[in-house]
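In: Just to be clear, the model below is a prediction. Sequence and coordinates:
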Amino acid sequence: MPHLFVVILLTTSLLLSACGSTPPSVFYMMAPIPVAEDSTADDVQENTGLGLGPIRFPDYLSHNRIVRYEGESRVLIAETRRWAEPLEHNFSRVLAENLSRLLPSDKVLRYPWPAWRKPEYQLVIDVVRFDLNGNSEVELIVQWALLHAETKKPLQEKRSRFITPAEEDFDSIVKAHSDALAAFSKELVAAIHNPHQ
């Protein structure tokens, strides 16, 4: 009888541990704009020197788990759906690639750039929000300024908001993040082309 009790106890423990196991994490990254969308307009000023950063992110986005809102104040953080790198790094890297392709330029430098590199312009960005809101939309809100890199004189300052629809699956949510960042990239390129507006 004691032997049977031990067998039952071990079987129960195995079943409970199997039920309580956490599913494996899935990792995502935003993607830059497709090469087909690259700008080829004749009036584009090639090889514009652009310093990108500093870029500030809110603390609630400082980890690598994907964030979504339910309602106005309830936040859900996905435990097994994660960014492959911190979101602020992915944002900076993809934004730099987008700008390089859209300008086009091989002189888009991410902050901090070396002292011997002297970009013509500098973009300073404060990300206010970048997540899935309660309406199944990815919402990107940014406060940004385009500066003359040497004098630090502001040429343009703006608060921008971009909304892109998303389905419930995480592939769609991540694509909507990429689309919102692409829209922001295009707005920045327009500002660089007309810096004194």
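Out: Everything's here; your move. Numbers count the residues shown, from 1 in each chain.
In: how about low-confidence regions in this protein?
Out: 1-21, 36-46, 71, 197 (pLDDT under 70).
In: Can you tell me what sits against stretch 141-155?
Out: With contact meaning Cβ atoms under 8 Å, 6 or more residues apart in numbering, stretch 141-155 is reached by 49, 51, 118-130, 156-162, 184, 188, 191-192, 195-196. For every residue, glycine as well, the C-beta is placed using N, CA and C.
In: what's residue 194 sitting at in phi/psi?
Out: phi -130, psi 70 (degrees, to the nearest 10).
In: typo on my end, it should be residue 155
Out: The phi/psi pair for residue 155 (degrees, to the nearest 10) is phi -100, psi -40.
In: Residue 132 versus that one, what's the distance?
Out: Residue 155 is 33 Å from residue 132, where distance means Cβ to Cβ, to the nearest Å.
In: Between the two, tell me which one has more neighbours.
Out: When neighbours are counted by other Cβ atoms under 10 Å, residue 132 comes out ahead of the other of residue 155 and residue 132, with 25 against 17.
In: Quick one: residues contacting the residue nearest the centre of the chain.
Out: Of all residues in the chain, the one closest to the mean position by Cα atoms, centre = their mean is residue 91, 3.4 Å from it. By Cβ under 8 Å, 6+ apart, the contact list for residue 91 reads 30, 55, 57, 127, 130, 181.
In: That one belongs to a helix, doesn't it?
Out: Yes: with DSSP: H, G, I helix; E, B strand; the rest coil as the criterion, residue 91 is part of a helix.
In: how much space is there between it and residue 53?
Out: Distance from residue 91 to residue 53, by Cβ to Cβ: 11 Å.
In: before we move on, what about residue 130?
Out: Distance from residue 130 to residue 53, by Cβ to Cβ: 16 Å.
In: next one: residue 176
Out: As judged by Cβ to Cβ, residue 176 and residue 53 stand 24 Å apart.
In: Among the two, which residue is more densely surrounded?
Out: residue 176 (23 against 17).
In: pull the longest helix from this structure.
Out: Longest helix in the chain by number of residues (criterion: DSSP state H): helix 170-193.
In: In it, which residues are buried?
Out: Applying a neighbour-count criterion of 16 or more other Cβ atoms under 10 Å, one finds 170, 172-186, 188-189, 191-193 buried in helix 170-193.
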